[in-house]
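Participant: Fold the following for me, if possible:
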Amino acid sequence: MPGLTYDNLSEKLVEAVPEIKEQYAQELRWWGDETPGQHVIYGDLLNPYIVSLLGRNKVTPEDRPNC
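Facilitator: Numbers count the residues shown, from 1 in each chain. Sure thing, here's the model as predicted:
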């Protein structure tokens, strides 16, 4: 993934996993003028998404990001 830096990890995450785009937008609105840390975005958004996929007991190729 070209141009990947610590500062743009969250944006790149949403590009790779568009299913969490709405939750990401809600999180940014909640934080207002502050920028949430990567641990917040990955912990509050990505982890629950992965757990939901695992809970379906079926992860298909369509569920995997195009990295």
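Participant: before we move on, which element is residue 41 in?
Facilitator: helix 38-41 (DSSP states H and E).
Participant: tell me what that helix is packed against?
Facilitator: Packing contacts for helix 38-41, counted by 3 or more Cβ pairs under 8 Å, 6 or more residues apart in numbering; DSSP states H and E, involve helix 9-16, helix 21-31. Any C-beta I mention is one placed from the backbone N, CA and C, and that applies to glycine too.
Participant: export the shortest one as CSV, just CAs?
Facilitator: Spelled out, that is helix 9-16. Coordinates of the C-alpha atoms in helix 9-16 are reproduced here as CSV (Å, rounded to 0.1, in the frame of the first residue of the first chain):
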residue,chain,number,x,y,z
LEU,A,9,-3.2,4.5,8.9
SER,A,10,-6.8,5.2,9.7
GLU,A,11,-7.6,6.5,6.3
LYS,A,12,-5.8,3.6,4.6
LEU,A,13,-7.7,1.2,6.8
VAL,A,14,-11.0,2.6,5.6
GLU,A,15,-9.8,2.3,2.0
ALA,A,16,-8.9,-1.3,2.6
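Participant: tilt between it and helix 21-31?
Facilitator: Taking axes from the mean of the first three to the mean of the last three Cα atoms, to 10 degrees, one finds helix 9-16 and helix 21-31 inclined to each other by 160 degrees.
Participant: Centre of the chain to helix 9-16, how far?
Facilitator: Centroid separation between helix 9-16 and its chain, computed with Cα atoms, centre = their mean, to the nearest Å, is 6 Å.
Participant: pLDDT on it, on average?
Facilitator: For helix 9-16, the mean per-residue pLDDT is 93.
Participant: other SSEs contacting that helix?
Facilitator: Applying 3+ Cβ pairs under 8 Å, 6+ apart, we find helix 9-16 packed against helix 21-31, helix 38-41.
Participant: closest one to residue 15 among those helices?
Facilitator: Residue 15 lies closest, by Cβ to Cβ, to one member of those: helix 21-31, at 9.0 Å.
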